[in-house]
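[1] okay, predicted coordinates and the sequence, questions at the end:
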Protein chains: 4
Amino acid sequence: MIKYSYRMKVFYKDVDKMGIVYYSRYLEFFEAARTEMLSSIGLDYEKVEEKGAMLPVIEAHTEYKKGAVFGQDITVHTTIAELPKVKMKFNYKVTHLNSDEILMTGHTIHAFTNLNSRPIKVPDYIKSLLERHMNS
Amino acid sequence: MIKYSYRMKVFYKDVDKMGIVYYSRYLEFFEAARTEMLSSIGLDYEKVEEKGAMLPVIEAHTEYKKGAVFGQDITVHTTIAELPKVKMKFNYKVTHLNSDEILMTGHTIHAFTNLNSRPIKVPDYIKSLLERHMNS
Amino acid sequence: MIKYSYRMKVFYKDVDKMGIVYYSRYLEFFEAARTEMLSSIGLDYEKVEEKGAMLPVIEAHTEYKKGAVFGQDITVHTTIAELPKVKMKFNYKVTHLNSDEILMTGHTIHAFTNLNSRPIKVPDYIKSLLERHMNS
Amino acid sequence: MIKYSYRMKVFYKDVDKMGIVYYSRYLEFFEAARTEMLSSIGLDYEKVEEKGAMLPVIEAHTEYKKGAVFGQDITVHTTIAELPKVKMKFNYKVTHLNSDEILMTGHTIHAFTNLNSRPIKVPDYIKSLLERHMNS
């Protein structure tokens, strides 16, 4: 399992009339979290693109327990539980910074494509990097 | 089944570096579509709130087939297939305006709460309105 | 003067904790309004790009009088007051749909560039189209 | 002069078809930067609200020199140059993290109101805190 904790703060731009984070914003938080996770294991997304691969989202799922509110520090706990065969799945769990209480959960599933959006196999250097961190 | 077609256009604000709609934006499109759908059957959301009820999203799900691109006219086909018992489900299908090709699909599930976010039963006037349109 | 009225509705996605439209959202509304205005005089932005020109924003300005709230129908009144020499200016005024009360005003100034972001002269076909509509 | 440097990263969610940050996003970056700046001098915005004051934006202005691109680390340099009399002005300058090259600049002007959006004088504790940090 590869794990990464992305810490961030909720601002006015993120919350709706109820004072809680608008439901689509979490997908933005997920993107920031997985981008930083990949970067932390040597997979800067702009370099992945330079090498000719993209990881477009093909599925996203979110479940909301309790809303994060303005001013709160939250953590997006991101995990990759399995090595990708043709698709890659990220799991997300959002909590307050200093609490285990789960605010919401979700996942995204990504395909591997070339820059023309054609499906490709998982590039070897990505597979290697993921394997190495999966077992560490 | 209650059906509603929400027509809209994709602008620069909606697309990412690939020139296709960023994945979280569809949740905004879904909100516009279901708000207009409810309004079309007499359930203006601001009036629902005035009467003391809210329909917070508790689950959202999206599957991406093909991206909508800048300048395209698209339709968000929204349906309610079942009368709500405690939760209410909306299904969405996004197509080009003049085509049956599906760009993406999704659903959202909503709870009924009072203004303090406490779960409530489906208000009678909402149930009646939905029933009437379900069978028409 | 070229004039265009863009009618739209305020949704949950647009409003903040105060229940009024978050300040950056108006720049998105402006983009939709000017894109539709240009389209209405034969300048679909995707065709402008196909012909090799872009109109990047180089300045934006907004003044907020009163917030638009969730559920409101508003109009973004857009005008071009002068033919562009090297830059092009759009003025915006947001009102309720059926009222002259001004909610906010703003402008954007755009350069003309080629697809590599190099400044170019205003393309002749754009100049002609603008001239024709300016005087009508 | 009160100064604050807010460091952040540009993600996919922020960029448009040209691969550069969409023009309205900077207003979100400005909000994050000024919120953190105020927090750094003891003015957590949620506490300001609890004490009955709000600082709604009444004017925003942006000038774009060069776009920040996906993956870049940027700094939003925020300054308050003058003690507020009735209005408060924040100036912003966005640069790459390790460079003085200016990507864009802007400002926002804020009023002081009570929670019912009525204008109020600058609360004394805010004035004191600002004065103390202005001269340090």
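    Okay, I see it. Numbering: from 1, shown residues only, chains lettered A, B, ... in the order given.
[2] any idea which helix is longest in chain A?
    helix A:25-40 (DSSP state H).
[3] can you tell me the closest non-neighbouring residue to the residue minimising distance to the centre of chain A?
    Centroid-nearest residue in chain A, with Cα atoms, centre = their mean: residue A:34, separated by 3.1 Å. Once flanking residues are discounted, residue A:34 sits nearest to residue A:90: 5.0 Å by Cβ to Cβ, 6 or more residues apart in numbering or on different chains. Heads up, the C-betas are built off the backbone N, CA and C, glycines and all.
[4] which ones are touching that neighbour?
    Residue A:90 makes contact with A:30, A:34, A:37, A:78, A:79, A:80, A:107, A:108, A:109, A:110 under the criterion Cβ atoms under 8 Å, 6 or more residues apart in numbering or on different chains.
[5] farthest-apart pair in those residues, please.
    Farthest-apart pair in the contacts of residue A:90 is A:37 and A:109; separation 15.3 Å (Cβ to Cβ).
[6] what about those two, which has more around it?
    residue A:37 (21 against 17; other Cβ atoms under 10 Å in any protein chain shown).
[7] relative to residue B:70, how far out is that one?
    Here residue A:37 is placed at a distance of 29 Å from residue B:70 (Cβ to Cβ, to the nearest Å).
[8] residue A:127 now?
    Residue A:127 sits 34 Å away from residue B:70, going by Cβ to Cβ.
[9] can you check residue A:16 too?
    Distance from residue A:16 to residue B:70, by Cβ to Cβ: 26 Å.
[10] just residue A:100 next, same as before
    Counting by Cβ to Cβ - residue A:100 and residue B:70 are separated by 42 Å.
[11] just residue A:7 next, same as before
    For residue A:7, the distance to residue B:70 - Cβ to Cβ - is 34 Å.
[12] between these two, which is the more surrounded one?
    Taking neighbours as other Cβ under 10 Å, residue A:7 and residue B:70 compare with residue B:70 leading, 20 against 11.
[13] residues in contact with the residue nearest to the more buried one when sequence neighbours are not counted?
    In space, not counting the residues next to it along the chain, residue B:70 is nearest to residue B:15; the distance is 4.9 Å by Cβ to Cβ, 6+ apart. Taking Cβ under 8 Å, 6+ apart, we find residue B:15 in contact with B:21, B:22, B:69, B:70, D:16, D:17.
[14] how about 10 Å then?
    Residues in contact with residue B:15 (Cβ atoms under 10 Å, 6 or more residues apart in numbering or on different chains) are B:21-22, B:25, B:67-72, D:15-17, D:22.
[15] what comes up buried for the one helix or strand residue A:107 maps to?
    In this structure, residue A:107 sits in strand A:102-111 according to DSSP states H and E. When burial is assessed from 16 or more other Cβ atoms under 10 Å in any protein chain shown, strand A:102-111 yields the following buried residues: A:103, A:104, A:105, A:106, A:107, A:108, A:109, A:110, A:111.
[16] tell me which other helices or strands it touches.
    Packing contacts for strand A:102-111, counted by 3 or more Cβ pairs under 10 Å, 6 or more residues apart in numbering or on different chains; DSSP states H and E, involve helix A:25-40, strand A:57-64, strand A:73-80, strand A:87-96, strand B:57-64.
[17] just say which of the ones you listed is most tucked in.
    helix A:25-40 (a mean of 22; mean count of other Cβ atoms under 10 Å in any protein chain shown).
[18] immediately after that helix, which helix or strand?
    helix A:45-50.
[19] report pLDDT for residue A:111.
    Looking at residue A:111, its pLDDT reads 97.
[20] tell me who's in contact with it.
    By Cβ under 10 Å, 6+ apart, the neighbours of residue A:111 are A:54-59, A:84, A:86-88, A:117, A:119-120, B:64.
[21] dump the residues you listed to a markdown table, plus distance to residue A:43 and pLDDT.
    A markdown table is the format used below for the contacts of residue A:111 (distance: Cβ to Cβ, whole Å; pLDDT from 0 to 100):
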| residue | distance to residue A:43 | pLDDT |
| --- | --- | --- |
| A:54 | 12 | 95 |
| A:55 | 10 | 96 |
| A:56 | 15 | 96 |
| A:57 | 16 | 97 |
| A:58 | 19 | 98 |
| A:59 | 20 | 98 |
| A:84 | 12 | 93 |
| A:86 | 18 | 93 |
| A:87 | 16 | 96 |
| A:88 | 11 | 97 |
| A:117 | 20 | 90 |
| A:119 | 19 | 95 |
| A:120 | 16 | 96 |
| B:64 | 21 | 98 |
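[22] start and end of stretch A:118-129, how far apart?
    By Cα to Cα, to the nearest Å, the extent of stretch A:118-129 from end to end equals 23 Å.
[23] what's that stretch in contact with?
    Outside stretch A:118-129, the residues that touch it by Cβ under 10 Å, 6+ apart are A:2, A:38, A:41-43, A:48, A:51-55, A:83-88, A:111-114, A:130.
[24] in PyMOL, select just the buried ones from those.
    The PyMOL selection below is limited to those of these classed as buried (16+ other Cβ under 10 Å):
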select buried, chain A and resi 2+38+41+43+48+53+54+55+84+88+111+112+113+130
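[25] contact residues of chain A facing chain C?
    A:11-20, A:22-25, A:69-70 (Cβ under 10 Å from any Cβ of the partner chain).
[26] now, of these, which are buried?
    Neighbour counting with 16+ other Cβ under 10 Å marks A:11-20, A:22-25, A:69-70 as buried within the residues of chain A next to chain C.
[27] identify the residues contacting residue A:7.
    Each residue near residue A:7 by Cβ under 10 Å, 6+ apart is listed here: A:33, A:36, A:73, A:74, A:75, A:76, A:97.
[28] which residues of chain A lie near chain B?
    A:16-18, A:20, A:22-31, A:46, A:49, A:54, A:56-67, A:104, A:106, A:108-109, A:111, A:115, A:117.
[29] enumerate every residue touching the residue of chain A most remote from its centre.
    Centroid-distance maximum for chain A: residue A:17 at 26.1 Å, with Cα atoms, centre = their mean. Contacts of residue A:17 were listed using Cβ under 10 Å, 6+ apart, and they are B:49, B:54, C:12, C:14, C:15, C:16, C:17, C:18, C:19, C:20, C:69, C:70.
[30] now stretch A:42-57: how far from the chain's centre is it?
    14 Å (Cα atoms, centre = their mean, to the nearest Å).
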